[in-house]
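> Coordinates for the following, if possible.
(4 chains)
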Protein chains: 2
Amino acid sequence: MAEAKNPVQAVQRTLEIVDVLRDTDGARVVEIAERVGMSKGTVHCHLATLEEGGYVVKDGNEYKLGLRVIDLAHHAKNRIDIYDLVTEQVDSLAEESGELALFTVEEGGEGVCLYMATGEAAVKTEVYVGYRNDLYYTAVGKAMLAFMPAERRDRIIEETAFEAITPNTIIDEVELREELESIREEGIAYNYSESIHGLVGAGAPIRDQDGTVYGAISVIGPARRMDDERLENDIPEMIRRAVNIVEINITSL
Amino acid sequence: MAEAKNPVQAVQRTLEIVDVLRDTDGARVVEIAERVGMSKGTVHCHLATLEEGGYVVKDGNEYKLGLRVIDLAHHAKNRIDIYDLVTEQVDSLAEESGELALFTVEEGGEGVCLYMATGEAAVKTEVYVGYRNDLYYTAVGKAMLAFMPAERRDRIIEETAFEAITPNTIIDEVELREELESIREEGIAYNYSESIHGLVGAGAPIRDQDGTVYGAISVIGPARRMDDERLENDIPEMIRRAVNIVEINITSL
DNA sequence: ATAAGTATTTGGTATAGCTAAACACCACTC
DNA sequence: GAGTGGTGTTTAGCTATACCAAATACTTAT
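Below you'll find the predicted structure:
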């Protein structure tokens, strides 16, 4: 997001290499070199340095992401104080609804899924813990957008490249802002097949007494199982209860 | 582990900074600078570059690990083909035993916990997903040591700095090798309060038909609940069954 | 207001990272 | 088993750049 004034080019290059490893689940020196447009020698030195740190492992001639990043991920999650509190409630939500329940936070204008729990009949999606997406086309995303400070929201919306993921995706800024307004009134955000055709959901933000948004939780499932009554009454009720339990306990953190 | 011949110093420094962020869960520029022994300016440029990549976020004047590392972690885990297969069995193990069940793999001579499931009465430990420790003082570690190729084992043992974590920790190389031999015979490795006083456990390796070790799973619990019968018969029986189910399915990967 | 502490930017220099080329190491092929 | 195309790794040298120190711009507290 933020443009570094005096970036360390060598670090930028290393991050590019890491990105390739991420996308390929392992690659060889030449392959990486041509992908990032650097010489073999350069790539080799970077990989060797990353390996030294445990962030890359060499398996034969394939270089892969090292498991040390999993340790980093744990420490990054630890930053989120409400994590344990929320996961408990998300588990309950999933069990009670039988659907997929998610916990998402915002970072850099994107939503990052931090936890998911699968109920009995939960849909399979491409979402995983660590998955990032724009805010404007998900229930959790719109929930967080709606309740964050106005200037922050404006910045994010301004920097967003709206794209119709499905025919239902809201790509008009005015329309989006109107929807956010109604979300603020109702306290619940919906997703009517805006990210995946046939997939609907409801979500709500988690806030402290000052109104600061900590994240959002949602329940999502197939439209055929989710009639109006269920999507707009039963599920929101469950979510409200879950949010409440978390919010009550936030003060004691 | 491996020494890079021509390391990229700038990358080494960035990794040092990341390490500080990991250990501190967020720090300011000056604090980081003095910890790693670099100038403020240098640290700032590195942080800005990392932020640009999403690996660091700035919260006021505190720099913290970015949630993007969670995405990396997911991709790193995806490397482990048996992951989904194993987690299912570890869940069962935890439920059946009521104790803590773990899935660990080896990387760089260390054990890395990749998954854990807590049974009804599971002990609380410092272990988390991503946690690393030496192999010689855990059940999973010894299980993997016992069944890995001899030359690999020799290298790891040679490079290990043995240390008595508890009075029961095996710190004598000869004694360890004898124990590994008996583990190979029995197929099960035990931990008799070798890592934490009062904590015992049993573990077994997961191998394919060629004997290649993919990782190990274990069940651990408090010694007072684990009499000889339970630790050396019931638990191993559960583990053997779990391992079997995984191993049968490995061929179809 | 002032000051003391930050973060950030700037400028100059010596270092170190980059490319290209040479070398070493396979795994095939013939 | 020599040869060959493909690797990965190392080397050499030039240039760019990463670093430090100092200056500037912010904060926050007094």
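> what about the most centrally placed residue in chain A, which SS state?
Computing the C-alpha centroid of chain A and ranking residues by CA atoms, centre = their mean puts A:Val112 first, at 1.8 Å. Following DSSP: H, G, I helix; E, B strand; the rest coil, A:Val112 is assigned to strand.
> I'd say it and B:Val69 touch.
No - between A:Val112 and B:Val69 there is no contact, the gap being 10.7 Å when judged by CB atoms under 8 Å. Using the backbone N, CA and C atoms, a C-beta is placed for each residue, glycine as well.
> Then A:Leu203 would be within a strand, right?
Careful, residue A:203 is Gly and not Leu. Yes - under three-state DSSP, A:Gly203 sits within a strand.
> can you map out the helices along chain A?
Applying DSSP state H to chain A gives helices spanning A:9-24, A:29-36, A:40-52, A:68-78, A:83-97, A:139-147, A:150-159, A:173-186, A:228-229, A:235-250.
> For these, give me CSV that also has mean neighbour count and distance to B:Ala143.
CSV is the format used below for these (neighbours: other CB atoms under 10 Å in any protein chain shown; distance: least, CB to CB, whole Å):
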stretch, mean neighbour count, distance to B:Ala143
helix A:9-24, 19, 29
helix A:29-36, 16, 34
helix A:40-52, 20, 26
helix A:68-78, 23, 20
helix A:83-97, 19, 30
helix A:139-147, 28, 41
helix A:150-159, 13, 49
helix A:173-186, 14, 52
helix A:228-229, 8, 53
helix A:235-250, 18, 40
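> Indicate which one of these is closest to DNA strand C.
Closest of those to DNA strand C is helix A:40-52, at 3.0 Å (criterion: CB to the nearest atom of the strand).
> I'd like the average pLDDT over the closest one.
In this model, helix A:40-52 has a mean pLDDT of 96.
> what sits up against that helix?
Residues lying outside helix A:40-52 but in contact with it, judged by CB atoms under 8 Å, 6 or more residues apart in numbering or on different chains, are A:10, A:13-14, A:17-18, A:29-30, A:32-33, A:36, A:56-58, A:63, A:66, B:1-8, B:11-12, B:15.
> what does stretch A:143-163 give?
A:104-106, A:109, A:111, A:134-136, A:169-173, A:176-177, A:180-181, A:183-184, A:188-189, A:203-205, A:207, A:211, A:213, A:215-216, A:218.
> do that stretch and DNA strand D meet?
No - judged by CB under 7 Å from any atom of the strand, stretch A:143-163 stays clear of DNA strand D, getting no closer than 14.2 Å.
> any low-confidence regions in the stretch 1-150 of chain A?
Counting by pLDDT under 70, the stretch 1-150 of chain A contains low-confidence ranges at A:1-2.
> Apart from its neighbours in sequence, what residue is nearest A:Ile250?
Distances taken as CB to CB, 6 or more residues apart in numbering or on different chains place A:Asp208 nearest to A:Ile250, at 4.8 Å, with adjacent residues excluded.
> Run a quick neighbour tally on the closest residue to A:Leu145 other than its chain neighbours.
With CB to CB, 6+ apart as the criterion, A:Leu145 has its nearest non-adjacent residue at 5.0 Å, and that residue is A:Leu135. A:Leu135 has 24 neighbouring residues, counting by other CB atoms under 10 Å in any protein chain shown.
> What of A:Thr125?
Close neighbours of A:Thr125, defined as other CB under 10 Å, add up to 15.
> I'd say it and A:Ile196 touch.
Yes - assessed by CB under 8 Å, A:Thr125 is found in contact with A:Ile196 at 7.0 Å.
> which stretches of the stretch 151-253 of chain A have low pLDDT?
Along the stretch 151-253 of chain A, the model assigns pLDDT under 70 to residues A:252-253.
> Let me see the backbone angles for the residue of the stretch 101-250 of chain A found nearest DNA strand C.
Going by CB to the nearest atom of the strand, DNA strand C is nearest to A:Gly108 of the stretch 101-250 of chain A, at 15.3 Å. Dihedral angles phi and psi of A:Gly108 (degrees, to the nearest 10) take the values phi 60, psi 30.
> same deal with A:Ile196?
phi -140, psi 130.
> Please look at it and A:Thr166 and confirm they touch.
Yes - in this structure, A:Ile196 is within contact of A:Thr166 by CB under 8 Å, at 6.8 Å.
> Compare the two (neighbour count), which wins?
Ranked by neighbour count (other CB under 10 Å), A:Ile196 and A:Thr166 place A:Ile196 first, with 21 against 14.
> Contact partners for the more buried one?
So A:Ile196 contacts A:125, A:165-166 (CB under 8 Å, 6+ apart).
> what does A:Ile70 give?
Taking CB under 8 Å, 6+ apart as the contact definition, A:Ile70 lies against B:73, B:76-77, B:112, B:114, B:129-130.
> Give me the nearest residue to it, chain neighbours excluded.
Distances taken as CB to CB, 6+ apart put B:Gly130 closest to A:Ile70, at 3.7 Å, once the chain neighbours are dropped.
> okay, now that neighbour: neighbour count?
Using other CB under 10 Å, B:Gly130 has 21 other residues around it.
> Contact partners for it?
Per CB under 8 Å, 6+ apart, neighbours of B:Gly130: A:67-68, A:70-74, B:73, B:112-113.
> among the helices of chain A, which is nearest B:Leu85?
Nearest of the helices of chain A to B:Leu85, taken as CB to CB: helix A:68-78 at 18.2 Å.
> Domains in chain A, by residue range?
Following automatic domain parsing, one gets these domains for chain A: A:9-71, A:80-250.
> Same list, the ones you listed, but as a markdown table with distance to B:Thr118 please.
Listed next are those as a markdown table, based on distance: least, CB to CB, whole Å:
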| stretch | distance to B:Thr118 |
| --- | --- |
| domain A:9-71 | 18 |
| domain A:80-250 | 12 |
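> so which of those gets nearest B:Ala242?
domain A:80-250 (20.9 Å).
> What distance do you get for A:His74 to B:Val219?
22 Å (CB to CB, to the nearest Å).
> With A:Gly130 instead?
Separation of A:Gly130 from B:Val219 (CB to CB): 28 Å.
> repeat for A:Ala121
Counting by CB to CB - A:Ala121 and B:Val219 are separated by 30 Å.
> Find the nearest non-adjacent residue to the residue of the stretch 51-200 of chain A found nearest DNA strand D, please.
Per CB to the nearest atom of the strand, A:Asn61 is where the stretch 51-200 of chain A lies closest to DNA strand D, at 3.9 Å. Among residues not flanking A:Asn61 along the chain, A:Arg28 sits closest, at 5.4 Å (CB to CB, 6+ apart).
> in terms of contact, does the one you found touch A:Asp59 like I think?
No - using CB under 8 Å as the test, A:Arg28 is too far from A:Asp59 to be in contact (10.5 Å).
> Who has more neighbours out of these two?
For A:Arg28 versus A:Asp59, the count of surrounding residues by other CB under 10 Å is larger for A:Arg28: 14 against 9.
> okay, the helices of chain A in JSON lines with distance to B:Gln89 next?
Below are the helices of chain A laid out as JSON lines (distance: least, CB to CB, whole Å):
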{"stretch": "helix A:9-24", "distance to B:Gln89": "28"}
{"stretch": "helix A:29-36", "distance to B:Gln89": "35"}
{"stretch": "helix A:40-52", "distance to B:Gln89": "31"}
{"stretch": "helix A:68-78", "distance to B:Gln89": "20"}
{"stretch": "helix A:83-97", "distance to B:Gln89": "20"}
{"stretch": "helix A:139-147", "distance to B:Gln89": "32"}
{"stretch": "helix A:150-159", "distance to B:Gln89": "43"}
{"stretch": "helix A:173-186", "distance to B:Gln89": "42"}
{"stretch": "helix A:228-229", "distance to B:Gln89": "39"}
{"stretch": "helix A:235-250", "distance to B:Gln89": "30"}
